[in-house]
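Q: got a predicted model here, sequence first, then my questions.
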Amino acid sequence: MLEVDQLAVAYGEAGAIWDVSLRVATGELLCVVGPNGAGKTTLVNTIAGILPPKSGRIAMNGQEITRLAPHRFCEAGIALVPEGRRLFTGMTVADNLDVGSYLPAAKAKRRETLEEVLTLFPALKAKLPEPAGELSGGQQQMVAIGRALMARPRLLLLDEPSLGLSPLVTADMFDAIRKISAAGMTIVLVEQNVAMAMRVSHRALVLELGRIVAEGAPDELMQRPEIRKAYLGT
Ligand code: ATP
């Protein structure tokens with residue numbers, strides 16, 4: 001579904017990622033892990049159309065989208081849950097979710113999609129009329145994911161969904177990600193919580209200093225001593 005070829009992205013003169021190529025098949029969950037500053041956020045923001053690449057190519061279902069305007073990336077079926085959630089904290093939960101379904105095709109199915117989101121995150125049901133900023137961190141992350149799902153995307157990009165959440169809430173968040181994946185969604189997941197991310201993913205990719213240094217099945221990667229040492233502390 002997603003093809004990224006030899007992507008390079010820079011902030012002004014400062015390069016952030018180089019020669020990144022990856023493929024994500026329909027229904028696959030790919031996790032991207034790596035230390036702080038490795039370029040994970042840069043990668044997903046570029047795939048979401050927010051950052052223009054210096055060179056390289058991004059295609060969805062065989063159609064190149066590299067140089068399109070950001071809203072065209074949404075139309076191509078890509079939705080991003082950004083790092084730090086970026087909710088409209090003064091707006092109600094219901095309105096935050098509505099924002100996700102502004103494209104005509106999503107708007108037409110708004111009620112049905114909202115039901116699906118509330119089935120996935122039942123805790124949000126009672127919170128719909130409340131300002132999003134008053135929710136707990138975990139619930140705000142549910143709203144951020146719900147908002148992305150309201151767009152009825154074909155590819156969901158999740159940037160650090162467990163950031164700042166307690167272990168218990170993090171476990172619930174990974175359960176929800178597993179459910180979204182099991183329902184057939186294609187997902188790219190950026191995570192600091194390597195052990196949990198590897199457990200829910202079909203394939204993993206390790207980014208360091210802006211380059212892919214390892215890629216493979218999570219089980220296989222987790223057995224490599226250098227990965228265990230760097231990411232699991234064992
Ligand atoms: P983290 O987990 O800390 O978010 P990351 O793997 O997501 O790290 P990025 O945030 O993509 O990494 O950063 C990659 C590189 O690009 C880093 O060297 C970072 O300092 C730099 N960078 C990121 N955002 C900007 C920016 N807005 N302006 C300049 N440099 C940036």
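A: Done, it's in.
Q: how about the residues of the protein by the ligand?
A: Selection of the chain residues close to the ligand by C-beta under 6 Å from any ligand atom yields Tyr11, Ala14, Ala16, Gly34, Asn36, Gly37, Ala38, Gly39, Lys40, Thr41, Thr42. C-beta coordinates here come from the backbone N, C-alpha and C atoms, glycine included.
Q: with adjacent residues omitted, what lies nearest to the last one?
A: If I follow you right, that is Thr42. Ala16 (4.3 Å; C-beta to C-beta, 6 or more residues apart in numbering).
Q: partner strands of the helix or strand containing the one you found, with direction?
A: Ala16 belongs to strand 14-24 when assigned by DSSP states H and E. Sheet pairing of strand 14-24 (DSSP bridges) gives strand 2-11 (antiparallel).
Q: and of the residues of the chain next to the ligand, the nearest to Pro82?
A: Distance to Pro82 across the residues of the chain next to the ligand (C-beta to C-beta) is lowest for Thr41, with 8.4 Å.
Q: neighbours of that closest one, how many?
A: Using other C-beta atoms under 10 Å, Thr41 has 20 other residues around it.
Q: before we move on, which element is it in?
A: Here Thr41 sits within helix 40-47, counting by DSSP H and E.
Q: tally of neighbours for Met1?
A: Count around Met1 with other C-beta under 10 Å applied: 17.
Q: leaving out chain neighbours, which residue sits closest to it?
A: The spatially closest residue to Met1, leaving aside those adjacent along the chain, is Thr26, at 4.7 Å (C-beta to C-beta, 6+ apart).
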